Structures are given as C-alpha cells and as structure tokens.
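Novice: Attaching a predicted model along with its sequence, questions to come.
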Amino acid sequence: MNQIEAIKTAKDGLDVWPDLVRYAAECTPIEDIPADDLQRFKWYGVFHRQQRPGTFMMRLRAPGGRLTAHQVRTIAEVAREFGHGSADVTSRQNIQLRDLVLHDIPTVIARLEAAGVSALQTGLDNVRNYMGCPLAGLDADEVIDTTPILEAIGRAHLKVREFSNLPRKFNLSIAGCREDCGHAQTQDLGFVPATRLVDGRAVVGFNVLVGGALGGTSPRLATPLDAFVEPHEAVDLFVALLRVFRDHGPRGKRTQARLKWLIDAWGEERLRDEVEAQLGRPLARAGAPAGHRTAGDHLGVHAQRDPGLSYVGLHVPVGRITAAQLTELARLSERYGGGEVRLTVDQNVILTHVRDQVLPDLLDEPLLQALRPEPGNLWRNLVVCTGSDYCHYSLIDTKTRAVELVTELERRGVDAAEGTRIHMSGCVHACGKHHVADIGLQGANVRIDGRVEEAADIFVDGRLGPGGRIGTRTGDRVPMTGMADALEGLLREREPALIPLARA
C-alpha cells in the first residue's frame, strides 16, 4: 500500500473538516499538523505550498467554466482580503487563490459557499472540475446544451462517500458543441456530441472517450469506448465508470493508478463490458460524430444564438489575474451583459449576453487594454501552468518565463500563424498540456558552469481532434536563456511567409 492509500484507509478525506477547523481556530503551526491531514485538506480544495511555508492555495470549482458576477466579485474580495490580491485561471476552467493562511481558511470557504462557489474535492483522488463548453446555451451551432448534465453530475458525485476514495484523480469533460471545447481527448472520461439511429429516427447524444491523461512519462490521448449515450443517460454512465475505476483501478504505484493503466491492462472492450455490468444493460455502439472542428479560442467579439447579443472573449496573459481585474470583470458583465463570466480551457474569460448597441462602449473600457479581445498570435493560444512560484513540482517559473519569451519574440519581429499553440508546463505532470501543442515546453534544470539553470524540453506537432497525437520531443534541456533563439527558429521554419526575416 502506498502512502496516500494508507492515508485514505486510516481516515477518509471528507472527514478532515472538523480537524481543519480546529487547526485554524488554534492557529496551529504547520509543522505541528500531521502530514496526513495536510494531504486530506485537499478534499476541501486546500493545498499547503511547501515553497511558501505557512501559506495555502485553494482551487475553486466552476463547472463548465460558469460563474455569476456575484461569484466573481466574491472571489475578488476574498483574493484581496486574504490572498495578496491575485488568482490564476487554470486550463481546467478553475480559479485558484493564492497565499491564504490556515487561520482564514474556514472564513474563506464560508464566504465562497455563501456565493455558491465550492472548493470541495478539487484535489487528490477525486473527480476534478467538470469541464465543458464555455458557450453552453449560447452557441447557435451547439448540438446539446450540457448545463443541466453538469449540474446533475455534481449532485451524483460531490460529498457522495462511495466516490471519495478513488485510486487516483479523475478528469471529466462533457461538451455539446462542435469544437470539443472540453478537450475530451485529454480526459479520463470525455463526452463528445454524436447522432445515432434509434428505432429509425436520428437521436442526438454523445460518443464516449476514455483513458486520456497527459501527465507522467506515458501521456495518452483518450480512445473510443465504442459507446453512445443519450443526454439523459450520461450521468448513469459517469457513475458506472466511476464505480468500475474505484473497484478495479490499480492502487499500488501512484504513477500507474490512472484509468489509462486499467485500460492498458484490460482494453476498451472489457472496460465497456464492466460498465455495462454496472449499468445492468448493454450500451449502444458509437454513433456518427457531430463535431467538425478543433476547439477555437473564443477570443474577440462573436454573435450569440439570440439576435442582438454577442459574447466577448478576453485574453488573460498566462492566466494570472488580479483581484481588481476580477472586480472590474464583474462590473462589466453587469453593466454590458448578462451578469456572468465564463472561463475557457485556454485560461481566458468571456463576457456573455452583451447587447450589440453597447459593444463599442465595452470595447473602450480600460480593462480591455490589459485583457485584450484580440491579442497577437503568439499570446493568443499561450497556455501556462502555475509554475515554481506557487507549485513545488514545477522546475521553472513558467509564468515569468513565458511572458519574457513571448515579449522577446515580439521584440525580434517574430510572429506565428493564426491558431499556433504554445503551451508550457513546469514539470512532467503536464498541467500546461504541452503534449498537445504545436510547440510544447516541459520544465527542466540544466547545470551550466556549476550553476543549476532553468531549462525546458521542447515538443512539437502535438494536436487534438481528428488525427490527434502526442507531440514529438525535439530538444532536451534547452536553457531558458536560449529559448527565444530555439522558438524563433521553429516559428520561422514553419511559417516563413508570415514571419519577417529581419528583426525589429
């Protein structure tokens, strides 16, 4: 039994809340809190940051990336009062708060929950944030509005004891759009829209993908379960698969405990058989895919389904946002739109239900000079993990290095083709999803003249969608001091007609 399995066997993660409250009330020093309980705190979204002793990160759920203006304003107030005034938008449509101290944690959670924001079960061996299309219910070309399904999944899973001790984390996406906004191929379980003939009529539902996981040394894209479910059946399949994973998923080595390893041992056909046994009925075989594009970035101004309304996607550089910016987003969403903010898998934000007649006024707002609707191509699809300033796994300061890198490329007059994805992860856990980028960087260290310097391995030609594939490693431990040279060469080589040959 590995250490985490022993911790869960001794006491369920959901049972740590009274202890957390007691430690906070007594201002217990970190060194006096049992290490096992620090791990269990993650069931409540509370993560001790070893490189900032005595401080905590809190990861907040935003199913499908949806937040109301009131919720965004509350998050901003909490970040300002308790978290040094900054937060991160993640590649899983979460928001993460920083620099919290234990004494404040119960107050923070109470404030957030009063606004309908939960941090529950956002860490360790739980089902993480339920990802979906940020335009659910708004996209004129949408196949299925998955909002009620995401809500039902939450009711089926959160605080349900039978699912509070999984072998490892479990990632889920369910998107009913044609662009795979939930990046289903990167998930343990992904639902993608499809149609199938049932009793002679065309029925809209989902095909099912399983076993995607980018972290570790064996990244894998999800593969078809060869199953089709109608919308009202999606939650049942989720629950059935979760039970199969709970009961049969490997629990020996932490590095081999994800669903992909169970599929590696069983194959998709046996996994489907076991899910059918849990359901008590056979699954229909896969239907015809209803999607036809790989996920766009949702930036800029676009018409919604309802006439006279638009959504405006705003770029959040490297996903880091201030409390002041969050407060202003809430204000703008109420003044110009429908009073909500939606988060994307590219770490950006969307203002929805903007009336067309007020669009010019919104675009003139000062905040949109910092969170630009139309950033340059190098910035547009730049995705960056948390980095070493807040994550002890990361080998490099990803956010600082990414900003420096793109700024230097711009200074040199280097551009990229539209849609070029540059992703950066600080370590092998791949939270920046570098394996599915056109250019992916994975943090590393290299010794130069006796000093340990930040570096990165370079991967190219990763992609999602039809023909999806894991990127190929082309560079090992390239020092960050020379990374601009390396990327300039790659970008010029790929799109010579678009990139000026002379440096600015």
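Specialist: Noted; the coordinates are in hand. Numbering: from 1, shown residues only.
Novice: Can you give me every residue that contacts residue 342?
Specialist: Under the criterion of CB atoms under 8 Å, 6 or more residues apart in numbering, the neighbours of residue 342 are 64, 65, 66, 67, 134, 135, 349, 350, 352. Using the backbone N, CA and C atoms, a C-beta is placed for each residue, glycine as well.
Novice: Now stretch 435-444: average pLDDT?
Specialist: Mean per-residue pLDDT for stretch 435-444: 97.
Novice: Dump it to CSV, restricted to CA.
Specialist: Listed next in CSV are the C-alpha coordinates belonging to stretch 435-444 (Å, rounded to 0.1, in the frame of the first residue of the first chain):
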residue,chain,number,x,y,z
HIS,A,435,2.0,17.4,-25.3
VAL,A,436,-0.9,18.6,-27.5
ALA,A,437,0.6,21.9,-28.6
ASP,A,438,2.2,22.9,-31.8
ILE,A,439,5.2,23.9,-29.6
GLY,A,440,5.2,22.5,-26.1
LEU,A,441,7.8,23.2,-23.4
GLN,A,442,8.3,21.0,-20.3
GLY,A,443,10.4,22.5,-17.5
ALA,A,444,13.8,21.0,-16.7
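Novice: what about stretch 410-429, how long is it end to end?
Specialist: Across its full length, stretch 410-429 reaches 29 Å end to end, with CA to CA, to the nearest Å as the criterion.
Novice: low pLDDT regions in this structure?
Specialist: Filtered on pLDDT under 70, the chain yields the residue ranges 292-295, 495-504.
Novice: Kindly provide the distance from the residue most central in space within the chain to residue 148.
Specialist: The structure's the chain has its C-alpha centroid closest to residue 92; by CA atoms, centre = their mean the separation is 1.3 Å. Between residue 92 and residue 148 the distance is 21 Å, computed by CB to CB, to the nearest Å.
Novice: what's the spacing between the strand or helix carrying residue 383 and its chain's center?
Specialist: When elements are defined using DSSP states H and E, residue 383 is found to belong to strand 382-384. Taking the mean C-alpha point of strand 382-384 and that of its whole chain, the gap between them comes to 11 Å (CA atoms, centre = their mean, to the nearest Å).
Novice: residues making contact with the helix or strand following it?
Specialist: Note on strand 382-384: by DSSP H and E, the next helix or strand toward the C-terminus is helix 398-411. Contacting residues not belonging to helix 398-411 are listed as 317-320, 376, 378-379, 382, 384-389, 422, 424-426, 432, 443, 454, 480, 483-484, 487-488, 491, 503-504 [CB under 8 Å, 6+ apart].
Novice: Mark which of these are part of helices, please.
Specialist: In this view, the contacts of helix 398-411 that belong to helices under DSSP state H are 378, 379, 483, 484, 487, 488, 491.
Novice: with these in mind, which one is nearest to residue 9?
Specialist: Compare each of the ones in helices among the contacts of helix 398-411 with residue 9 using CB to CB and the shortest gap goes to residue 483, at 44.4 Å.
Novice: In this structure the closest one contacts residue 457, no?
Specialist: No: because the distance of 11.0 Å does not satisfy CB atoms under 8 Å, residue 483 is recorded as not touching residue 457.
Novice: Looking at those two, which one has more neighbours?
Specialist: When residue 483 is set against residue 457 and neighbours are counted by other CB atoms under 10 Å, the residue ahead is residue 483, at 23 against 18.
Novice: so how far is residue 369 from the more buried one?
Specialist: If you measure residue 483 against residue 369 using CB to CB, the figure is 28 Å.
Novice: what's the answer for residue 234, then?
Specialist: When CB to CB is applied, the distance between residue 234 and residue 369 equals 41 Å.
Novice: Give me the contact list for the strand holding residue 383.
Specialist: Applying CB under 8 Å, 6+ apart, the set of residues contacting strand 382-384 from outside is 91, 317-319, 346-347, 398-399, 402, 406, 421-424, 432-433, 437.
Novice: so of the residues you listed, which ones are in strands?
Specialist: 422, 423, 424 (DSSP state E).
Novice: from those residues, which is closest to residue 87?
Specialist: When these are compared for distance to residue 87 (CB to CB), residue 424 wins out at 19.0 Å.
Novice: That closest one contacts residue 435, correct?
Specialist: No: with contact defined as CB under 8 Å, residue 424 and residue 435 do not form a contacting pair (11.8 Å).
Novice: of these two, who's got more company?
Specialist: Neighbours of residue 424 and residue 435, each counted by other CB under 10 Å, are more numerous for residue 424; the result is 29 against 24.
Novice: residues in contact with the more buried one?
Specialist: Remark: with contacts taken as CB under 8 Å, 6+ apart, residue 424 is in contact with 382-385, 398, 401-402, 432, 434, 440-443, 456.
Novice: Send over stretch 146-161 as PDB, restricted to the C-alpha atoms.
Specialist: Backbone C-alpha positions of stretch 146-161 (Å, rounded to 0.1, in the frame of the first residue of the first chain) are rendered in PDB as follows:
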ATOM      1  CA  THR A 146     -24.800  20.300 -21.300                       C
ATOM      2  CA  THR A 147     -25.500  22.700 -18.500                       C
ATOM      3  CA  PRO A 148     -28.200  20.500 -16.800                       C
ATOM      4  CA  ILE A 149     -26.000  17.500 -17.200                       C
ATOM      5  CA  LEU A 150     -23.100  19.100 -15.500                       C
ATOM      6  CA  GLU A 151     -25.300  20.100 -12.600                       C
ATOM      7  CA  ALA A 152     -26.600  16.500 -12.300                       C
ATOM      8  CA  ILE A 153     -23.100  15.100 -12.300                       C
ATOM      9  CA  GLY A 154     -22.300  17.400  -9.400                       C
ATOM     10  CA  ARG A 155     -25.300  16.100  -7.500                       C
ATOM     11  CA  ALA A 156     -24.200  12.500  -8.200                       C
ATOM     12  CA  HIS A 157     -20.700  12.900  -7.100                       C
ATOM     13  CA  LEU A 158     -19.900  15.700  -4.600                       C
ATOM     14  CA  LYS A 159     -20.000  14.600  -1.000                       C
ATOM     15  CA  VAL A 160     -21.000  11.100  -2.000                       C
ATOM     16  CA  ARG A 161     -18.900   8.800   0.200                       C
END
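Novice: re the thing from before, please indicate which of the contacts of helix 398-411 are buried?
Specialist: Applying a neighbour-count criterion of 16 or more other CB atoms under 10 Å, the buried members of the contacts of helix 398-411 are 317-320, 378-379, 382, 384-389, 422, 424-426, 432, 443, 454, 480, 483-484, 487-488, 491.
Novice: would you list the ones in helices among the contacts of helix 398-411 in CSV and tack on distance to residue 55?
Specialist: Output for those, formatted as CSV (distance: CB to CB, whole Å):
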residue, distance to residue 55
378, 32
379, 29
483, 29
484, 32
487, 33
488, 37
491, 38
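Novice: how deep is residue 470 tucked in, by neighbour count?
Specialist: By the measure other CB under 10 Å, the count of residues near residue 470 is 17.
Novice: returning to what we had before: what lines up beside the strand holding residue 383 in the sheet?
Specialist: Paired neighbours of strand 382-384 in the sheet (DSSP bridges): strand 422-425 (parallel).
Novice: OK, contacts around the residue nearest to the centre of the chain?
Specialist: When contacts are counted by CB under 8 Å, 6+ apart, residue 92 touches 128, 129, 131, 171, 345.
Novice: and of those, the nearest to residue 205?
Specialist: Nearest to residue 205 among these: residue 131, at 18.5 Å, using CB to CB.
Novice: any idea how far that closest one is from residue 63?
Specialist: Applying CB to CB, one obtains 8 Å for the distance of residue 131 from residue 63.
Novice: neighbour-wise, which of the two wins?
Specialist: When neighbours are counted by other CB under 10 Å, residue 131 and residue 63 differ, and residue 131 comes out ahead with 30 against 21.
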